[in-house]
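Novice: curious how this folds, go ahead:
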Amino acid sequence: MDNLDDLKAIWHTAKTDSLPTSGEMLQMIKKFRRQRLRNKWQVIITSCLLILLMVVILCVLPFKMLTSYIGGALFITAMVTLVATTVKSLRRFYRLDNCSNLEFVAFIEQTRQNQIFYYKKTMVAIVLLCSIGWLLYMYEPTYKYPLWFIGTHTAFIIYMAVMWFVVRPRSFKKDEDKLNALKQRLQDISNQLK
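Specialist: Residues are numbered from 1 along each chain as shown. This next block holds a predicted model:
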């Protein structure tokens, strides 16, 4: 019986202040899921509206140069790619419902891997298609006016450089830190249970 008393003493002296309760864990999972689903739906709706707007512009406005149509097509291709990847990710989040802590840790790890793939591959393709599309699309309205041509293309290139080299890495780091913090809390709980 002495061993049981020792075990009880150890059990009661364990520091669990930093660990969330089971209710807090469920709230954390639901909040994470809700935020991600909301963000993904916003991306899908915005991308679909941009696709519709570009199709209307290409059909209504009479462009004389082929570059405008090629630019619009590249932009539409980029938005369709974004919608397709977001819908694929959306399905994963809808399947995340009643899950255990270990399943959620695995889900978070898969989300992190998908985020890295998106950052290194998919985002590069989408931004490249959008950038080339925008530059080609803006060629016709500005090619007759050298100052406008130089001004709009320079402003766009500066904007893209700031977005690519400043905003993009910060955004990725912020999302990565959030996922890692959530994953660490879940792993602390899982280690406590082992």
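
Novice: pretty sure residue 115 is one of the things residue 176 touches, is it not?
Specialist: Yes - under the criterion of Cβ atoms under 8 Å, residue 176 makes contact with residue 115 at 6.9 Å. Every residue, glycine included, has its C-beta placed from N, CA and C.

Novice: give me the element residue 129 is part of.
Specialist: Element membership for residue 129, per DSSP states H and E: helix 123-137.

Novice: now do residue 72
Specialist: Counting by DSSP H and E, the element that carries residue 72 is helix 66-95.

Novice: beyond that helix, next helix or strand please.
Specialist: Helices and strands here follow DSSP H and E; after helix 66-95, the next one along the chain is helix 101-117.

Novice: in that following helix, what counts as buried?
Specialist: Under the neighbour-count criterion of 16 or more other Cβ atoms under 10 Å, helix 101-117 has 101, 104-105, 107-108, 111-112, 115 buried.

Novice: just give the closest residue to the residue nearest the centre of the chain, not the sequence neighbours.
Specialist: Geometric centre of the chain, nearest residue: residue 115, 6.7 Å, by Cα atoms, centre = their mean. Of all residues not flanking residue 115 in the chain, residue 175 sits nearest, at 6.3 Å (Cβ to Cβ, 6 or more residues apart in numbering).

Novice: give me the below-cutoff pLDDT ranges for this structure.
Specialist: 1-22, 101, 189-194 (pLDDT under 70).

Novice: 80 instead, please
Specialist: For the chain, applying pLDDT under 80 flags the ranges 1-29, 96-105, 179, 182-194.

Novice: so what's residue 170 up against?
Specialist: By Cβ atoms under 8 Å, 6 or more residues apart in numbering, no residues touch residue 170.

Novice: from residue 111, how far out is it?
Specialist: Counting by Cβ to Cβ, to the nearest Å, the separation of residue 170 from residue 111 is 19 Å.

Novice: do the same with residue 34
Specialist: 15 Å.

Novice: next: residue 104.
Specialist: Distance of residue 104 to residue 111, given as Cβ to Cβ: 10 Å.

Novice: biggest helix in the protein, by residue count?
Specialist: Ordering each helix of the chain by length in residues (DSSP state H) puts helix 22-60 first.

Novice: so what secondary structure elements neighbour that one?
Specialist: When contacts are defined as 3 or more Cβ pairs under 8 Å, 6 or more residues apart in numbering; DSSP states H and E, helix 22-60 packs onto helix 66-95, helix 168-193.

Novice: so which of these is nearest residue 53?
Specialist: Closest to residue 53 of those, according to Cβ to Cβ: helix 66-95, at 9.8 Å.

Novice: so what's the residue count around the closest residue to residue 75 other than its chain neighbours?
Specialist: Leaving aside its sequence neighbours, residue 75 sits nearest to residue 133 (Cβ to Cβ, 6+ apart; 3.8 Å). If you count neighbours by other Cβ atoms under 10 Å, residue 133 ends up with 22.

Novice: again, but for residue 147
Specialist: Residue 147: 8 neighbours (other Cβ under 10 Å).
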